[in-house]
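Novice: pasting the structure only:
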């Protein structure tokens with residue numbers, strides 16, 4: 001994953017839409033995403049996260 005000025009751009013499909021997240025802390029971001037996906041019981045269909 002690439003970062004520009006320490007900011008990561010993450011994009012992935014979820015429920016038929018694309019979610020875009022900007023983060024400077026990937027560990028914390030993925031931790032929170034995991035909690036959301038576990039709570040609602042759905043994991044993104046495409047497990048490939050794209051850096052833009």
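Specialist: That came in fine, so what should we check first? Note that the coordinates shown come from a computational prediction; the quantities given were computed from them, not determined experimentally.

Novice: what's the least confident helix or strand in the chain, going by average pLDDT?
Specialist: In the chain, no helix or strand scores lower on mean pLDDT, DSSP states H and E than strand 50-51, which sits at a mean of 50.

Novice: can you pull out the strands in this protein?
Specialist: Assigned strands in the chain, in chain order: 3-4, 7-14, 17-23, 50-51 (criterion: DSSP state E).

Novice: Check which residues of the second one are buried.
Specialist: By neighbour count, and taking 16 or more other CB atoms under 10 Å as the criterion, the buried residues in strand 7-14 are 8, 10, 12, 14. Placement of C-beta: from N, CA and C, glycine included.

Novice: what angle sits between it and strand 17-23?
Specialist: 160 degrees (axes from the mean of the first three to the mean of the last three CA atoms, to 10 degrees).

Novice: Show the average pLDDT along strand 7-14.
Specialist: For strand 7-14, the mean per-residue pLDDT is 89.

Novice: And it, what does it pack against?
Specialist: Packing partners of strand 7-14 (3 or more CB pairs under 8 Å, 6 or more residues apart in numbering; DSSP states H and E): strand 17-23, helix 26-40, strand 50-51.

Novice: Reformat those as TSV; add mean neighbour count and distance to residue 4.
Specialist: Shown next, in TSV, are those (neighbours: other CB atoms under 10 Å; distance: least, CB to CB, whole Å):
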stretch	mean neighbour count	distance to residue 4
strand 17-23	12	10
helix 26-40	12	14
strand 50-51	12	10
